[in-house]
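Chemist: predicted model, plus sequence, below.
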Amino acid sequence: MRFNKSKRQNISNNAIAYRLAKKKVKRFTKKIVGVMILFVVLSSFSFNNPPTEEEDVLSIENLKELLIEEGVQFPDIVLRQAIQETGWFKCKNCSLNRNNIFGFYYKKKYISYDNWQDCVRYYKRWQDRHYKGGDYYLFLKKVGFATDPAYVKRLKALRVK
């Protein structure tokens with residue numbers, strides 16, 4: 001004997017209830033996972049000590065403090081480099097408008113940074129990759145940091161308070 005029932009008729013009430021419950025659990029799980037991801041993202045921000053406007057301003061004091069904090073070698077020389085590259089942080093048509101206080105470029109274009117602090121962090125990574133010891137002024141010359149032959153002489157002549 002052959003039964004001619006549709007597929008729906010073959011499904012028991014328990015099976016239907018199980019499938020509905022499974023769908024609800026799946027939706028609920030997605031919501032929980034979304035909330036957890038949001039929590040992780042928000043907890044990665046530091047709300048305890050948000051940077052003040054004074055810390056965001058590029059100044060000799062703030063720059064020197066960050067150079068030391070990030071562990072940049074020869075912070076006094078690197079500070080002079082930033083001053084030289086940006087004209088005492090006042091240049092209008094230079095890399096400063098891209099938060100690039102050291103004049104880094106790639107494929108003949110200045111690299112852009114979200115803020116000047118990111119540029120300092122990049123400098124630290126660059127320094128760790130390239131500097132292997134010795135006279136830092138000589139290193140800057142060898143690595144071709146500046147194309148001007150008087151660059152090192154001008155760095156040495158800069159007087160910073």
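Modeler: Done, it's in. This one's a predicted model, so the numbers in the text were calculated from it and none came from an experiment.
Chemist: could you measure from the closest residue to Gln73 other than its chain neighbours over to Arg121?
Modeler: Nearest non-adjacent residue to Gln73, counting by Cβ to Cβ, 6 or more residues apart in numbering: Gln127, 6.1 Å away. Bear in mind the C-beta positions are built from the backbone N, C-alpha and C, glycine included. Look at Gln127 and Arg121: by Cβ to Cβ, to the nearest Å, they are 11 Å apart.
Chemist: lowest-confidence helix or strand of this protein?
Modeler: helix 7-10 (a mean of 55; mean pLDDT, DSSP states H and E).
Chemist: how near is the nearest residue to Ser112 once chain neighbours are set aside to Cys119?
Modeler: Leaving aside its sequence neighbours, Ser112 sits nearest to Arg98 (Cβ to Cβ, 6+ apart; 4.1 Å). Distance, Arg98 to Cys119, by Cβ to Cβ: 9 Å.
Chemist: give me the common contacts of these two.
Modeler: With contacts taken as Cβ atoms under 8 Å, 6 or more residues apart in numbering, the residues that reach both Arg98 and Cys119 are Tyr113.
Chemist: quick one, which of these two is more surrounded?
Modeler: Neighbours were counted for Arg98 and for Cys119 using other Cβ atoms under 10 Å; Cys119 has more, 26 against 18.
Chemist: can you map out the helices along this structure?
Modeler: 7-10, 13-43, 53-56, 60-70, 75-86, 116-130, 136-142, 151-157 (DSSP state H).
Chemist: ok, and what's touching stretch 140-152?
Modeler: In contact with stretch 140-152 (Cβ under 8 Å, 6+ apart) are residues 77, 81, 84, 103, 130, 137, 154-155.
Chemist: for those, which one is nearest Ile32?
Modeler: His130 (47.4 Å; Cβ to Cβ).
Chemist: look up the closest residue to that closest one, ignoring the ones flanking it.
Modeler: Nearest non-adjacent residue to His130, counting by Cβ to Cβ, 6+ apart: Val143, 5.8 Å away.
Chemist: pLDDT score for the one you found?
Modeler: Listed pLDDT for Val143 reads 90.
Chemist: could you give the number of residues near it?
Modeler: 11.
Chemist: got any ranges where this protein has weak pLDDT?
Modeler: Counting by pLDDT under 70, the ranges of the chain that qualify are 1-11, 33-55.
Chemist: center of it - which residue?
Modeler: Here the mean C-alpha position of the chain is nearest to the C-alpha of Asp118 (Cα atoms, centre = their mean), at a distance of 5.4 Å.
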